[in-house]
Each structure stands twice: as structure tokens, then as C-alpha cells.
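> Predicted model and sequence follow; I will ask about them next.
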Number of protein chains: 2
Amino acid sequence: MSKPTTKDLARAAGVSMATVDRVLNARSGVRKATVDRVNKAIKEINFVRDMAAANLARSKEYSLVFLLPDHDDEFIDLVRESVAEANASMAHERTNLRIIRAPANDPHRIAQMLDLLSAEQIDGVAIMAPETPQVRDSIARLDAQGVAVVAFESHQPTAKSAYYVGINNEAAGRTVGQLMARFTGERQGSVLVLTETMQARDSQERRLGFDAIMSKYAPRLRVRPSMETYGDPARTAKIIKAASENLPPVVGVYLMNHNIGETMKAIKMLGASLQTVIIGHELTPQTRECLLDGSMDAVITQDVGHLVRSSIRLLRAKAARMGTVASQERIRIEIILRENMPEDT
Amino acid sequence: MSKPTTKDLARAAGVSMATVDRVLNARSGVRKATVDRVNKAIKEINFVRDMAAANLARSKEYSLVFLLPDHDDEFIDLVRESVAEANASMAHERTNLRIIRAPANDPHRIAQMLDLLSAEQIDGVAIMAPETPQVRDSIARLDAQGVAVVAFESHQPTAKSAYYVGINNEAAGRTVGQLMARFTGERQGSVLVLTETMQARDSQERRLGFDAIMSKYAPRLRVRPSMETYGDPARTAKIIKAASENLPPVVGVYLMNHNIGETMKAIKMLGASLQTVIIGHELTPQTRECLLDGSMDAVITQDVGHLVRSSIRLLRAKAARMGTVASQERIRIEIILRENMPEDT
DNA sequence: ACATTATTGAGGTGCGTACATCATATTGGA
DNA sequence: TCCAATATGATGTACGCACCTCAATAATGT
């Protein structure tokens, strides 16, 4: 016979549908013994609740919010794009998405915006923001209100209710390290590491992983201290120029910063040898172009669309008290060379 | 106001719900002018059909079938696992999955099994089988019956109704080539290519891509003709022994065959130098172990879970005449090193 | 044993759609 | 202009579940 329904469950448990309903929705007024009996029956007849029908009956719409930094870099652009795309396709599944923006370095403002969400009827929030006490407290408040929360691309380790969606940055750094070690062959020289700021936790973690592998597999190379660009093109150019004027020669560059346009321009202007191995993060129009023209050798990235969809699934599941498929939510660290670069988007 | 329903649509179009229903489900008995009027109203009020409710009302269960080769290698194992997992999680979405097996080299049997499916009430089939006239005809018959078909991991170019789900094998071969070229540094020597059989189309495509890159980026290396193992351990050992006894020294091995256990054993027995770069396909327990112990340098793979889920989504969408999110269905060519290896499964 | 209170059952309505039936309206053609 | 064919409307039931009310029953305390 086909899928058991609540009716079948009621019969199997020897109770009425009203009681089944009370148990399924964790309503009060049911003796423990009865609850157990129903749960036992659920297992016995292998009952799975039809969430589509349930949501229909509830006439419930899930509202999810993405809180993103209010500056624009190519990564954020990709996220916004993916959210918009997901929003279109999730309309069928009674889910609507919204993006709100907040200055990344203003914890109070972020917390305030999160608190404002509490007032609305929001079911879940994906938060991309640095960890601060204010944000942590706001997450706790959301959690207390039953709002699902995931930490999007940014760890919130002290907010235990916020599941982290993103890659392991230390492993990502190790991956870059391994590629750098191997792509540089037997060459000797120095390796530059560029980042927007080492304040960011992900930069620190990546650097950690990178150093570990480099010292193990490429002790012949001298990895220089991280150079911070602060997103300033002029500063970036100066830094690179200064670094390239010193010996030993630069045989590798690890770009951890996002908007690499200026950086690559500076590097190209110096006429860096083709031997210089350049590896960066995130597959964006810019890095894509650099891979194609050969100026970059590899990009370590994550599937932003997957990241977004995964967050949505997790939030929805939490909000609807459903289960998830763990393997589907694993975010992989992807290595992109020119040869395996996906064609579109 | 919230989502418009069919009732709103009926009012907006100035027709009855019955007519709306006829238009939405493309039933006959509606004048063209009326159809247009309804379609116009759909756009005006931005009506989107609630597929959850529609499927509920239809009380339709989608039955999808995976036709897989009946031999067992680790890739097939992964597929079976993923299908089982998906089946569990798709129960919520009124979809049930089934696997049937057929000998890969018996086109008649495969065609026969496909034809048998026509008798049952199947909504879609994912076919993993070599392209043959028999299979092509069966696919055409399925298509004529309104059964959705995707070509799973195996091109069916002449069956235009079967959308291909899988990676671009030529690009995969190019990717292996690029890694081989770079990982071997400046070393000189020969490169072995092992495969089960060069009969398989994917082997040919991979070899093609591999050679293109190798001749371009690593002309210093001599890529040997493909050696076929026919899945025979003894033969494999012999081949490898013979190859390693000839000069120039083997600096790289490209393993296109699936069950690499025996192959790796043979290679290890010869005490191949650590310098030998070994690259293979598919992340399985075996290759995973080889990556961890350093005996393999890289694995080019695809996310089997994603492959399966993508097939399911495509089949379901086709069966329910819905749209799909193209970007979600793109199967990426993944490069796995020890550093970015996913932890589980 | 009686009053309370805690459980449980029965039944109804609604969610947004599919689908079938029968009645009515519109249209084309002779 | 009238008939038949076709197009549309009205209505009811079903899908699997949520959620509400009211009544009936069982368990509890005193």
C-alpha cells in the first residue's frame, strides 16, 4: 500500500486523529503513555508527515532574510544574484526571501537591524557579519523567539544556535598551500600574501592553513607576512611594487582579498614573469577572466548558489521542524583551473 | 494582498474556476480568445500556481527509475547510496525512486527492461547505459509515452529527448592533464594511462582532453598509449610491471579505471618513487584512502549526490511540466587533493 | 464516592488545486 | 432561424493535513 496518512497512523496507534494531531504538532493535553504509543506507531508503519500538505493546511509562508554587509564586492554580488534566483524558484515552495544590508563594521547597527526583524513575522535569518557580543546577543534573542538562524560565511562560534554554512577556511588555506607548493615546481624565492585585512577571522584561518602546508611541503619558499590592502588601490599598487623590488624574486602570490582587479593590474604592470604562480579566492567575473587569460593559475572557491540554497534549506527545515540531508549541505572547497571552469554565471 | 489563488485568477479573468482549471491544465474545450484572456490575467495579477497544492490535489506520486549497470564498482555503489538517501528525503515530495540493473554490454536486455517500464506507471527514467540503437529506440518509445528521460553519466546523443546529466569528460581529461603537467614540475619521463577499456566513450573523451593539454603544456613528457586492464587484476599487474621496466622512467600515471585497488597495489609493489604523480577519477573509499596516505596526488570527481539529485529534479520537473533552475543543475568537475577532501561519505 | 481535572474522541472547516458531472450559454452552419 | 456542436459555468468531492470546538471519558485528589 502507499504512503500512510494521519488516518492510518490514528488507526495503527489506536487513537483518534485529534490525538495524532496533538502529538504531531507537540500540542499539550496528551498523556505521555499515549504520546509514546503514537510515536511507536509512527515508526512501525513508517509514517512520514506530508509537509507540503501540512504547510498548505497551515497556509503558512516562510519568510527568510539574508543579512549581508552593505559594501559591494563581487562575492556579495554573487550572493545577491543567487538569492534572487532562489527566491524565484522557491515561490513554489511557499518561501520568500529578502535581503537586508548593514555596515559590516558597525555591530550596534547590525544588532539593531536583527532586533527589528523580531518585530516582523520572520522565520529565519542567514547572517553574514563578524562575530561581536552585540550580534551574538541578538542571535540569542532571535533564537529565543523561535527564529531559525544560520551563520552565513561567517562563524558565530559563541552563538550556539547559529549553524555555520560555509567552507572550512583553514582547509581552504591548506589547499591553496598545496597548489602553491606544487605549481611552483622546484623554484626558489618568496611568496606574497595579500588580504584586505588580517582582522577578518577567515583571513587568519586561511593564512594559518596556508603556512602549515607551505612550511611542510615548500620550505624552499619564503612566505612573506600578510600585506593588507584595506581595499585601497593606490596602497595595493605601492605594496606590490615594494615587495617586488626586494629579493628573493616573487615566485608566488596568494590573493585573499576580494576585489582583485586592482591587484592584478598592479602585478601585470610590473610584468611579473609567467612563472609567478597566482592563486586567489572566489570564482567571480574578474577571477574568471584572469584564469582564462592565464594571469591566474587557480581559484579556490565555493559554489555560492549552493551556499545560498543550503542556507535556505537549513532555515526552512529548522523553521518547519523537519530533517535535512546532511550530505546535501556539505559545502565543498572547489579548485578551479582554466580547464574545469564552469561555463556560465 | 498575498499570493493570488485560482479564485482570484478566475475573478480577474472574468471566467469561472472551471475554465481557469481548463486553461491551467491545458485541457480542451476552451475558446482561444478565452485562453488568451486567462493568460493575460495570469500575468496581470502575477499568478503563480501552487504546485504543492496542485500535487496534493492530484494526489500524484512521481515514480522515477534509475537504470544502472549490473556490475558493481565503487562508483555504482555511490550512486546506489545516493539514490537511497534521496529516496528517503524525497518521500516528503511525493516522489519515490527505484533502481533496476541491467548488464551494460547487453543492449537488447537493456532495451527490454526499458520497454517493460512502459507497462508500469513510471514518470521518469535516468539511464546509465552505453548508447546503442536498441536503447535509443527504447528511449524514443518512452518519450512518446510521456515518460521523462535523462541520460545519466552516459551520453545518448542520438536520443534527443534524453538530457545528459554528468560532467564534460573531455574537460575532465584536460583538467587531469593540467594537473599532471604542473605536478610533475620540470621532470622528464613518460606518463602511463590506464583504463578498463577504451571502448567506453567517456574514456575516449577523457584521453582526448588529456592529450591536448599534455602536448601543449608538457611536451617534455611522453604520454604512452592507453593500457586496458579489462578489470583483470593479473593483467593489470603485468601491464604495470612491463611499463615500468622500460625507459624513460614513469613520472606520472593517469588512472581512468574505476576499481583502482589492484592497480595501486601493483604500483606500490614496484616501489614507485614518491615523485610519481598519480591522478585518478571519482572520490570513493579507495581513492580517498590513497589521497590520505599520499599514494595518489589528486582525484578528479563529481558530486555523485548532486548528480543523482539533479537527475531527480530534472525528471520531476519534466514530468510535472515545471521549470528548473539551470545553475543548480550544472555538474562541476571537482578537483580533490588531500587538503580539500570532504570529510564524510 | 464525589468533584475536579486531565485526556481523548468526534466532527467540522479551510488551505489551493484537480477533476468529474451536469446545466446553461454561445456559436456556426444549413 | 433553428439545431447541433462547442464553450463555459456551477457545483461537489477529494487530497493530507492543521486547527478549532464541544462533548465524553478516564484519571486524580480528597
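Right, received. Where do you want to start?

> alpha carbons only for contacts and neighbour counts from here, please
OK.

> in stretch A:159-172, what counts as buried?
A:159, A:161-172 (16 or more other CA atoms under 10 Å in any protein chain shown).

> what about A:Phe51, distance to A:Tyr217?
Phe isn't right for residue A:51; it's Met. Distance, A:Met51 to A:Tyr217, using CA to CA, to the nearest Å: 51 Å.

> circling back to that earlier point, what's the closest of the buried residues of stretch A:159-172 to DNA strand D?
A:Ser161 (23.6 Å; CA to the nearest atom of the strand).

> Was I right to think that closest one contacts A:Gly146?
No - with contacts counted by CA atoms under 8 Å, A:Ser161 stays clear of A:Gly146, the gap being 10.4 Å.

> still on that earlier bit, could you list which of the buried residues of stretch A:159-172 belong to helices?
Within these, residues falling in helices by DSSP state H are A:Asn169, A:Glu170, A:Ala171, A:Ala172.

> these two touch, right, the third one and A:Asp211?
No - counting by CA under 8 Å, A:Ala171 sits too far from A:Asp211 to count as a contact (11.3 Å).

> sorry, back to before: farthest pair within the buried residues of stretch A:159-172?
Using CA to CA, these span at most 24.7 Å, a distance reached by A:Ser161 and A:Ala172.

> how does chain A divide into domains?
For chain A, the structural domains run A:6-49, A:60-166+A:305-331, A:169-301, going by automatic domain parsing.

> Relative to B:Leu292, which of the ones you listed is closest?
Of all the domains of chain A, it is domain A:169-301 that lies closest to B:Leu292, at 13.6 Å by CA to CA.

> ends of the closest one, how far apart?
Taking CA to CA, domain A:169-301 runs 11 Å from one end to the other.

> Can that domain be said to contact chain B?
Yes - using CA under 8 Å from any CA of the partner chain, a contact is recorded between domain A:169-301 and chain B, made by A:Ala171, A:Ala172, A:Arg174, A:Thr175, A:Gln178, A:Arg182, A:Phe183, A:Thr184, A:Gly185, A:Glu186.

> Pipe those residues into CSV and attach pLDDT per row.
Output for the residues of domain A:169-301 next to chain B, formatted as CSV (pLDDT from 0 to 100):
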residue, pLDDT
A:Ala171, 96
A:Ala172, 96
A:Arg174, 97
A:Thr175, 97
A:Gln178, 97
A:Arg182, 94
A:Phe183, 95
A:Thr184, 93
A:Gly185, 89
A:Glu186, 87
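
> So which of these wins on neighbours?
Using other CA atoms under 10 Å in any protein chain shown as the neighbour criterion, A:Ala172 leads those with 28 neighbours.

> is it true that it touches A:Gly209?
Yes - if you go by CA under 8 Å, A:Ala172 and A:Gly209 touch, sitting 7.2 Å apart.

> tell me the contacts of A:Met341?
Contacts of A:Met341 were listed using CA atoms under 8 Å, 6 or more residues apart in numbering or on different chains, and they are A:Arg288, B:Ile333.

> Quickly note the distance from the residue of the stretch 1-150 of chain A found nearest DNA strand D to chain B.
Distances between the stretch 1-150 of chain A and DNA strand D by CA to the nearest atom of the strand are smallest at A:Thr5, namely 3.1 Å. As judged by CA to the nearest CA, to the nearest Å, A:Thr5 and chain B stand 12 Å apart.

> Please apply the same query to A:Asp297.
For A:Asp297, the distance to chain B - CA to the nearest CA - is 10 Å.

> residues in contact with the closest residue to DNA strand C within the stretch 101-250 of chain A?
When distances are taken as CA to the nearest atom of the strand, the stretch 101-250 of chain A reaches nearest to DNA strand C at A:Gln121, 17.2 Å away. A:Gln121 makes contact with A:Ser63, according to CA under 8 Å, 6+ apart.

> ok, for A:Arg220, nearest residue in space, not its chain neighbours?
Of all residues not flanking A:Arg220 in the chain, A:Gln188 sits nearest, at 5.8 Å (CA to CA, 6 or more residues apart in numbering or on different chains).

> low-confidence ranges in the stretch 1-150 of chain A?
A:1-2, A:91-92 (pLDDT under 70).

> residue boundaries of the helices in it?
Using DSSP state H, counting those that start in this stretch, the helices of the stretch 1-150 of chain A run over A:6-13, A:17-24, A:32-44, A:51-58, A:74-90, A:107-119, A:133-144.

> Need these in JSON lines (columns: mean neighbour count).
Converted to JSON lines, the helices of the stretch 1-150 of chain A look like this (neighbours: other CA atoms under 10 Å in any protein chain shown):
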{"stretch": "helix A:6-13", "mean neighbour count": "19"}
{"stretch": "helix A:17-24", "mean neighbour count": "17"}
{"stretch": "helix A:32-44", "mean neighbour count": "15"}
{"stretch": "helix A:51-58", "mean neighbour count": "14"}
{"stretch": "helix A:74-90", "mean neighbour count": "17"}
{"stretch": "helix A:107-119", "mean neighbour count": "17"}
{"stretch": "helix A:133-144", "mean neighbour count": "19"}
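
> Could you say which one of those helices comes nearest to B:Asn55?
Of all the helices of the stretch 1-150 of chain A, helix A:51-58 comes closest under CA to CA, at 9.0 Å.

> Output the contacting helices and strands for the closest one.
With contacts taken as 3 or more CA pairs under 8 Å, 6 or more residues apart in numbering or on different chains; DSSP states H and E, helix A:51-58 sits against helix B:51-58.

> Is DNA strand C within reach of the helix it packs on?
Yes - using CA under 7 Å from any atom of the strand, a contact is recorded between helix B:51-58 and DNA strand C, made by B:Met51, B:Ala53, B:Ala54, B:Asn55, B:Leu56, B:Ala57, B:Arg58.

> Give me the contacts around that helix.
Contacts for helix B:51-58 (CA under 8 Å, 6+ apart): A:Ala52, A:Ala53, A:Leu56, A:His92, A:Glu93.
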